[in-house]
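Chemist: Just need the structure, nothing else, for what follows:
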Amino acid sequence: MTRVLFVYPNREGYPIIPLGISVLSGVLKSCGHITDLFDITFMAPDKLDHNAREKTGVVKKVDMSGYWGESKPLDINAEFTKKIKTFNPEIIGFSIVENNYGAARELFKTARANSDAVIIAGGIFPTVSPEFFINDDNVDVVCIGEGERALLKLADSVQNGLEIKDISNLIIKLRKTKEIGELTLSGYYDWEPFALQDWDIFDGRHLFKPFMGKVWKTGFFETSRGCPFNCSYCANHTFQKLFKSNGHYHREKPIDYVIREIEYFKNKYSLELIFFNDENWLMMGAERFQKFCGDYQKFINLPFFIQTRADTLLDEKKVETLKNTGCSTIGIGVESGNPDIRKKILNKKTSDETILKAFENCRKYKIRTTAYFMMGLPDETESDIILSAEFAKKIGADSIALSIFAPYHGTELFDLCVERNYIDKSYNENISVNYSSILNMPQLSKTKLEELYYNFNNMIYGA
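Modeler: Reported below is the predicted structural model:
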């Protein structure tokens, strides 16, 4: 048995059980290893992400103090040191997106100072920008892409006292020689053998989610992985190129596994609401869709939330079936009300007519909708943002999910922003989709963007 300590450097403090860690921990435990978690979510001074959403008015205010507790700022490095000393891990694994890299980087130092464990960094940011981690003397291993098989093999190697080398999907740095191993890639993880997520290592407060003005005990699940599209604000095109030898990037989890997992957690944790993390949930074929709907009604029968593209909602019969199955809300990516920006900047060629029809179909069958919009896009003007608000009115969505554009590494728009000197190539500690832009654009000041951001909801629905 190898002792593996996961680290969730959730700097923005929004409580949620991340699938990356919960799946990896489940796989390790199913094979006899021991896992634990160091999670800074409830050590953060405030729930920055949640507060920003409430401030924009795009979510209904709910008093979460009775569920999440009051914020109690702690000395995070001291708490991490304490956890390392008591758990005594042999592997310390960090799950990193770009937003939490700053917090993770400090915790790397604490981990190295207090443990001889193998320190591994994985997640989206290490996959698209491994150089940040290869060049960090406190990191031993970088995981590229999916980590289920790689982390299990690493844990098995540690358990058996074997030299850590030649593990697919891992870039391994030798501490003594500083030699960096060559990367090889394994096939995609295919959910075999089947392992349940592990929620036991997480604080139970993560299950409480404010939604539609209420608090729900919520579970997050996946029915597929990998988006085949090439939107310029997303890193999927980088993943598609990186893992091209593995075949189709979009893969579907067997419906029997999906239902079995949800049913288990529904019963164990008394869940009230299901969220599906899939980027384009309705991409599935007709036979798979019918099987899901039938099994979900029979075994789960809870309201659920999906995200999908507008062009998957043009079939009224499918939308009606979703409603009858219990679909509560559908999140639909609109991004901008200017079709030229969608097409030329975002590489998203969905027409106004398609978007309007998708929302109309959902409205017809009384499925609540959330329209996803971004602002502060490269070369976007104040007039473009006003056009987005006008289009949002026309759409008639029940709610808006609004974000400020963030130029993440690994995306085409990151390269464009560097090319136009809106940002430089270095990591920016302030990157976020909820507070302010990190772009310096001549046609739209940060002050004006923030003003529009906090007034956007009022522009659509009124004060």
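
Chemist: Met212 against Lys60, yeah?
Modeler: Yes. Met212 lies in contact with Lys60 (Cβ atoms under 8 Å); the separation is 6.8 Å. (Each C-beta comes from the backbone N, C-alpha and C, glycine too.)

Chemist: Would you point out the helix or strand in this protein whose mean pLDDT is lowest?
Modeler: In the chain, no helix or strand scores lower on mean pLDDT, DSSP states H and E than helix 48-56, which sits at a mean of 68.

Chemist: ok now do the closest residue to Lys448 other than its chain neighbours, which residues does it touch?
Modeler: Once flanking residues are discounted, Lys448 sits nearest to Glu382: 6.3 Å by Cβ to Cβ, 6 or more residues apart in numbering. Applying Cβ atoms under 8 Å, 6 or more residues apart in numbering, we find Glu382 in contact with Leu444, Lys448, Leu452.

Chemist: Could you dump the residues you listed into JSON lines and include distance to Asp278, secondary structure and neighbour count?
Modeler: Formatted as JSON lines, the contacts of Glu382 follow (distance: Cβ to Cβ, whole Å; DSSP: H, G, I helix; E, B strand; the rest coil; neighbours: other Cβ atoms under 10 Å):
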{"residue": "Leu444", "distance to Asp278": "33", "secondary structure": "strand", "neighbour count": "22"}
{"residue": "Lys448", "distance to Asp278": "35", "secondary structure": "helix", "neighbour count": "13"}
{"residue": "Leu452", "distance to Asp278": "31", "secondary structure": "helix", "neighbour count": "19"}
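
Chemist: List just the nearest of those to Lys394.
Modeler: Sorting those by distance to Lys394 puts Leu452 at the head of the list, at 18.3 Å, by Cβ to Cβ.

Chemist: Please identify the helix or strand for the residue nearest to the closest one when sequence neighbours are not counted.
Modeler: Among residues not flanking Leu452 along the chain, Ile385 sits closest, at 5.0 Å (Cβ to Cβ, 6+ apart). Counting by DSSP states H and E, the element that carries Ile385 is helix 382-395.

Chemist: next one: that helix to chain centre, how far?
Modeler: Centroid separation for helix 382-395 versus its chain: 26 Å, with Cα atoms, centre = their mean, to the nearest Å.

Chemist: Would you mind measuring from the residue nearest to Lys448 to Glu252?
Modeler: For Glu382, the distance to Glu252 equals 42 Å [Cβ to Cβ, to the nearest Å].

Chemist: Touching, the residue nearest to Leu452 and Leu377? I think so.
Modeler: No. Look at Ile385 against Leu377 with Cβ under 8 Å: they stay out of range, at 9.2 Å.

Chemist: three-state assignment of Glu263?
Modeler: Look at Glu263: counting by DSSP: H, G, I helix; E, B strand; the rest coil, its state is helix.

Chemist: isn't it right up against Lys298?
Modeler: No. When contacts are counted by Cβ under 8 Å, Glu263 is not listed as touching Lys298 (9.9 Å).

Chemist: With neighbour numbers in mind, choose between those two.
Modeler: Glu263 (16 against 10; other Cβ atoms under 10 Å).

Chemist: How about the more buried one: what's its closest non-neighbour residue?
Modeler: Of all residues not flanking Glu263 in the chain, Phe299 sits nearest, at 5.0 Å (Cβ to Cβ, 6+ apart).

Chemist: any idea how far the one you found is from Trp281?
Modeler: Relative to Trp281, and taking Cβ to Cβ, Phe299 is found at 18 Å.

Chemist: who's more crowded, the two?
Modeler: Between Phe299 and Trp281, Trp281 has the larger neighbour count (other Cβ under 10 Å), namely 24 against 12.

Chemist: Pull the contacting residues for the residue nearest to Glu263.
Modeler: Contacts of Phe299 by Cβ under 8 Å, 6+ apart are Ile259, Ile262, Glu263.

Chemist: just the strands in the stretch 51-200 of the chain please.
Modeler: 91-95, 118-122, 141-143, 170-172 (DSSP state E, counting those that start in this stretch).

Chemist: Trp281 and Phe305 touch, don't they?
Modeler: No. The pair Trp281 and Phe305 fails to qualify as a contact (Cβ under 8 Å) at a distance of 9.3 Å.

Chemist: what's the burial count for the residue nearest to Met43 when sequence neighbours are not counted?
Modeler: Setting aside the residues directly before and after it, Met43 is nearest to Leu74 in space (Cβ to Cβ, 6+ apart), at 4.4 Å. For Leu74, the neighbour count with other Cβ under 10 Å is 13.

Chemist: just the one 3 residues further on next, same as before
Modeler: The local packing count at Asn77 equals 15, with neighbours defined by other Cβ under 10 Å.
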